[in-house]
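Undergrad: I need the structure of the sequence given here:
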Amino acid sequence: MMRRSSSRNAVLVGSGIFLSRIIGLVRERFFAHYLGYGEAADAFKAALKIPNLLQNLFGEGALSSSFIPVYANLLATGNKEEANRVARVIGSILVLAMSLLVLAGVLATPLLIDLIAPGFKGAKRDCTIQMVQIMFPGVGVLVLSAWCLGILNSHRRFFLPYAAPILWNAAMIAALAGFGHRFHGYDLAEIVAWGSVAGSLLQFGIQIPSVIRLAGRVRFQLDFVSANIKTVIRNFLPGVASRGVNQLSSYIDLLLAGYLPTGAVANLAYAQTIYLIPVSLFGMSISNAELPEMASQTGSIDAIGEALTHRLNSAMRRVAFLIIPSVAGFLAIGDSIVALLYQTGKFSKENVPFVWAVLAGSTIGLLASALGRLYTSAFWALRDTRTPLRFASMRVVLTAGLGWFLAFPVPRWLGLSADIGLIGLTASAGIAAWLEFTLLRLAMNRRIGRTGLPLSYTAKIWGIAVGAVAVAFAVKYWTMALPPMISGILVLVVFAVGYFGIATALKVPEALQLMHAVSARLRPRT
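TA: Numbers count the residues shown, from 1 in each chain. Presented below is the predicted three-dimensional model:
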């Protein structure tokens, strides 16, 4: 099997994620323009949480932890026939399981709504229920898309599965653009929900031809007794919780936000959309590109441990190189980013500072979340999904308890507006992320040896990021009178060019590697 460098694999994953995220931001801009942050916006964002949660728990997250390590290792040892059989059986089990899940989900939607948005009443609650029932069939299709992703990633085909969500976002954009001038409020939100189902079918359909070429003819086949299938199934449920911790934390945030004043759910979603860009674009791209490589390691236990130590330390430097400037940027120029993306139509200039403050609260745990994903992938490569599950459970408990405390009692004791509780809510998730990361790192170090970021390297990257963001902040001040689209682009360009320029001038290895990987990708093939 052809193998590329880790940097190039990450660039391919990152390119696909970047394009899908850009389209996702365009979708959010359309959404902000037509629905703003009122009751219909709250209802749609809450409704979308259930399909997203189930997709991530039963789809990419669980399959990444259980299917890819087994499938990729079979390919690495030359057992392609068994690898293809495993792929067929797992795909068949997913079809059966998702059919039952969709049916049960549609019937149980009223109960699910009371779990994720107990503060919703009247028409807001009824519309949320209806939209969840519309979206549920798309959940099953998106889980099958995650099965496609597992096969393609194991064959080192990274770009297509991560770019495929472009079609899901595009379908919703088409619904907003096509019907936004004729329908409003709850009616428009329901149309967008139908658009999400159409997008799910498109996202799955575009990947199937490549899957068939790599894994052979797709047919229904069940097997619950062979060793490889049992390994996948045994690791599946622990993978649901360990990889789904971000979704569970988001669920807790949404649950608590439902008791805050109107607009809290929508504002939380706006901030989380921005926050997740570097997590997925940088943290996910590197950890997902590393997973099949780490799972393909063979040899003695000591040899595998040494290889994992090298890959982890190298990957963590790449993650920190990209995430640390993201943290600095969100804190110092986050208002420019929020205005650039959302300030249009019903989302006014007055809404920008609060979403920026919510984003700043989320940023506390940005680096920990990204590095935690990398450690989780390493445990999955070792076919250990239980250790990440244990620490993920601790994170969820801390997020719930601390989130409630910072969202409700603290603002009341300090005499602050109830809206401020949303900032405390996002900050609690960040604090919990640092706990999980610390526990993952300690457990991995006991298993394979010392891993982590050198303090000197971290300080150097922070110094470069602060220097670049200082210049960008000055540009923000000088261009504040310009339209947010122009000002925001100028600020971001100056920040990005300044950061990468300084890092390249100082010969930071990760900057040079990234430049080489991007240029190799863009270089015309002869």
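Undergrad: need the next SSE after the longest helix seen in the chain, C-terminal direction.
TA: Counting by DSSP state H, the longest helix found in the chain is helix 301-342. For helix 301-342, the following helix or strand on the C-terminal side (DSSP states H and E) is helix 352-363.
Undergrad: next, the angle from that following helix to helix 301-342.
TA: 170 degrees (axes from the mean of the first three to the mean of the last three Cα atoms, to 10 degrees).
Undergrad: distance of Arg157 relative to Val265?
TA: Using Cβ to Cβ, to the nearest Å, Arg157 is found at 37 Å from Val265. In short, each C-beta sits where N, CA and C put it, glycine included.
Undergrad: where does pLDDT dip in the protein?
TA: 1-8, 37, 51, 53-62, 116, 239-251, 298-299, 517-526 (pLDDT under 70).
Undergrad: any buried residues in stretch 227-236, and which?
TA: Asn228, Ile229, Thr231, Val232, Asn235, Phe236 (16 or more other Cβ atoms under 10 Å).
Undergrad: run the chain-centre distance for it.
TA: Centroid separation between stretch 227-236 and its chain, computed with Cα atoms, centre = their mean, to the nearest Å, is 25 Å.
Undergrad: export that stretch as PDB, just CAs?
TA: Provided in PDB are the C-alpha atoms of stretch 227-236 (Å, rounded to 0.1, in the frame of the first residue of the first chain):
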ATOM      1  CA  ALA A 227     -12.300 -12.900  15.900                       C
ATOM      2  CA  ASN A 228     -11.900  -9.600  13.900                       C
ATOM      3  CA  ILE A 229     -15.600  -8.900  13.900                       C
ATOM      4  CA  LYS A 230     -15.800  -9.600  17.700                       C
ATOM      5  CA  THR A 231     -12.900  -7.200  18.200                       C
ATOM      6  CA  VAL A 232     -14.700  -4.400  16.300                       C
ATOM      7  CA  ILE A 233     -18.000  -5.000  18.200                       C
ATOM      8  CA  ARG A 234     -16.200  -5.300  21.600                       C
ATOM      9  CA  ASN A 235     -14.500  -1.900  21.100                       C
ATOM     10  CA  PHE A 236     -17.500  -0.200  19.500                       C
END
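Undergrad: hmm, who's touching that stretch?
TA: For stretch 227-236, the external contacting residues (Cβ atoms under 8 Å, 6 or more residues apart in numbering) are 62-63, 65-67, 69-70, 74, 82, 86, 89-90, 93, 223-224, 380, 383, 385.
Undergrad: give me the buried subset of these.
TA: By 16+ other Cβ under 10 Å, the contacts of stretch 227-236 give 62-63, 65-67, 69-70, 74, 82, 86, 89-90, 93, 380, 383, 385 as buried.
Undergrad: from those, which ones fall inside strands?
TA: When DSSP state E is applied, these are split such that none fall in strands.
Undergrad: which of those residues lies closest to Leu112?
TA: Ala62 (19.1 Å; Cβ to Cβ).
Undergrad: could you measure from Gly463 over to Phe321?
TA: 13 Å.
Undergrad: oh, I was asking about Leu414
TA: On the measure of Cβ to Cβ, Leu414 and Phe321 end up 38 Å apart.
Undergrad: the more surrounded of the two?
TA: Phe321 (25 against 8; other Cβ atoms under 10 Å).
Undergrad: nearest residue to that one other than its sequence neighbours?
TA: In this structure, Phe321 finds its nearest non-sequential neighbour in Glu510, 4.0 Å apart by Cβ to Cβ, 6 or more residues apart in numbering.
Undergrad: can you get me a residue count around the one you found?
TA: 18.
Undergrad: mind listing the helices for the stretch 51-200 of the chain?
TA: 62-76, 80-107, 109-116, 122-154, 159-163, 165-179, 185-205 (DSSP state H, counting those that start in this stretch).
Undergrad: tell me which of these sits most buried.
TA: helix 62-76 (a mean of 25; mean count of other Cβ atoms under 10 Å).
Undergrad: restricting the selection to alpha carbons, write it to PDB.
TA: Only the C-alpha atoms of helix 62-76 are listed here, as PDB (Å, rounded to 0.1, in the frame of the first residue of the first chain):
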ATOM      1  CA  ALA A  62     -17.200   4.700  17.300                       C
ATOM      2  CA  LEU A  63     -16.100   3.400  13.900                       C
ATOM      3  CA  SER A  64     -12.800   5.300  14.100                       C
ATOM      4  CA  SER A  65     -12.000   3.600  17.400                       C
ATOM      5  CA  SER A  66     -13.100   0.100  16.600                       C
ATOM      6  CA  PHE A  67     -13.200  -0.500  12.800                       C
ATOM      7  CA  ILE A  68     -10.100   1.400  11.500                       C
ATOM      8  CA  PRO A  69      -7.500  -0.200  13.800                       C
ATOM      9  CA  VAL A  70      -8.700  -3.700  12.800                       C
ATOM     10  CA  TYR A  71      -9.200  -3.000   9.100                       C
ATOM     11  CA  ALA A  72      -6.000  -1.000   8.700                       C
ATOM     12  CA  ASN A  73      -3.900  -3.600  10.400                       C
ATOM     13  CA  LEU A  74      -5.300  -6.400   8.200                       C
ATOM     14  CA  LEU A  75      -4.400  -4.300   5.100                       C
ATOM     15  CA  ALA A  76      -0.900  -3.600   6.600                       C
END
